[in-house]
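Q: Quick one, structure for this:
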Amino acid sequence: MITITQAAAERIRQAATESGVETPLLRLAAQVAADGSVDFGMGFDQSRPGDTTARVEGVEVVVAERSRELVEGVTLDFVEIEPGEFRFIFVRPGEEGEA
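A: Residues are numbered from 1 along each chain as shown. Predicted structure coming up:
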């Protein structure tokens, strides 16, 4: 499945609280772009038939079947890009930095 760093998990839980989401379920999605790169997305959602669910670093994660292979082995992190500017990044296996 996917790895979620402690920093990312903490920020996800904080975002859920700020949004008033009582039982946060984080949907992760991925698709191959026209240039061959992989675009990732995430947001709070509900589980649907065919989804894979897992608890990762205390976060309930759901992934649709069509995204499963693309998120396999990916790390979701929450990092400081520039002083005071934090962002979620997805790092694919063998890559360093933002995917």
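Q: In the chain, which residue sits furthest out from the middle?
A: Pro83 (22.7 Å; Cα atoms, centre = their mean).
Q: Please report phi then psi for that one.
A: phi -50, psi 120 (degrees, to the nearest 10).
Q: Relative to Pro24, how far out is it?
A: Pro83 is 29 Å from Pro24, where distance means Cβ to Cβ, to the nearest Å. To be clear about C-beta, it is placed using only N, CA and C from the backbone, and glycine gets the same treatment.
Q: just checking, what's the longest helix in the protein?
A: With secondary structure taken from DSSP state H, the chain has its longest helix at helix 6-19.
Q: Could you point out the helix or strand that follows that one?
A: Tracing the chain past helix 6-19, the next element assigned as helix or strand by DSSP states H and E is strand 26-32.
Q: just to revisit the earlier point, which pLDDT does the model give the residue farthest from the centre of the chain?
A: At Pro83, the pLDDT value in this model is 93.
Q: what about it, distance to Ala9?
A: Pro83 sits 23 Å away from Ala9, going by Cβ to Cβ.
Q: show me what contacts the residue farthest from the centre of the chain?
A: Going by Cβ atoms under 8 Å, 6 or more residues apart in numbering, Pro83 touches no other residue.
Q: same check, this time on Thr5
A: Glu57, Thr75, Leu76, Asp77, Phe78.
Q: what's the closest of those residues to Ser67?
A: Distance to Ser67 across those (Cβ to Cβ) is lowest for Leu76, with 13.1 Å.
Q: Just confirm that closest one contacts Phe88, I think it does.
A: Yes: using Cβ atoms under 8 Å, Leu76 is in contact with Phe88, at 6.4 Å.
Q: more neighbours, these two?
A: Leu76 (27 against 18; other Cβ atoms under 10 Å).
Q: No further questions, thank you.
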